[in-house]
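Participant: sequence plus predicted model, see below.
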Amino acid sequence: MVLKSDNFDDNSRDASFWDLLSSAGGSANEVNQRLELVCLTSAGIAGYVTKDAHDLTECDITIDVEHTSLHSLELFLSLTKQQAANPYFESDWYRIMKYNLTNECYVQRRIAGVPTVLYNGAWTGASGSLRIVISGGTITFYEETIERASQSYALGSYNCYVYLYTTAAGGLTGTDIIDNFVVPSDVVVGGATKQYMVMTL
């Protein structure tokens, strides 16, 4: 299945595209025309992960977030798939997140198990957008329209799983919101236009 947009307005998970990520009682449900992530224990993790890995050689992915309750709210790309534990402990990934404990935005990567902070600083606010663009061998991260980090893409493959998720570490519990998972309808891969269907699910 191709990478495609999802505005979550139908209040039903597209099981052909998304799988659940859940640990310690965390839950992810499409209600109120958005994705609501609920963690009732401080160890909770909740979110979605794509069922399949996708070729992200050229991609532009944006989500809208409301991060007022929990520890971290993340747009996360990984070479591997995890559904029952924190993807942070996977070996190879990138992420941009809003971090509620310190009101900061973070950009990080993990290569062969070694984590590196690419950016951290005061966030623009608890609500807004997180965006990752990969083009021409460069990966760039945005909080709202502000570029937070950019570097040569360093994972061993462009075939990644896409995660949208939250964690409740640090003693924080409650509900965070993700809406409007958006990818472009056409991207150029290897000099040719590749159709990525943009659909309302």
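Facilitator: Perfect, thanks for sending it.
Participant: measure the spatially most central residue of the chain to residue 42 for me?
Facilitator: Among the residues of the chain, the one closest to the centroid is residue 75, at 1.9 Å (Cα atoms, centre = their mean). Residue 75 sits 23 Å away from residue 42, going by Cβ to Cβ, to the nearest Å. Glycine gets a C-beta too; all of them are placed from N, C-alpha and C.
Participant: pull up the distance across stretch 69-81, start to finish.
Facilitator: Taking Cα to Cα, to the nearest Å, stretch 69-81 runs 26 Å from one end to the other.
Participant: off-centre distance for it?
Facilitator: 5 Å (Cα atoms, centre = their mean, to the nearest Å).
Participant: buried ones in it?
Facilitator: For stretch 69-81, a neighbour-count test (16 or more other Cβ atoms under 10 Å) marks 69-79, 81 as buried.
Participant: measure residue 97 to residue 167 for me?
Facilitator: 9 Å.
Participant: mutual contacts of those two, please.
Facilitator: Contact criterion Cβ atoms under 8 Å, 6 or more residues apart in numbering; residues shared by residue 97 and residue 167: 72, 74.
Participant: give the burial count for residue 140, as a bare number.
Facilitator: Counted with other Cβ atoms under 10 Å, residues neighbouring residue 140 total 18.
Participant: so residue 6 makes contact with residue 14?
Facilitator: Yes. In this structure, residue 6 is within contact of residue 14 by Cβ atoms under 8 Å, at 6.5 Å.
Participant: between the two, which has more neighbouring residues?
Facilitator: Per other Cβ under 10 Å, whichever of residue 6 and residue 14 has more neighbours is residue 6, with 25 against 16.
Participant: which residues does that one bridge with?
Facilitator: residue 181 (DSSP bridges).
Participant: just residue 138 next, same as before
Facilitator: Assigned bridge partners for residue 138, using DSSP bridges, are residue 135, residue 152.
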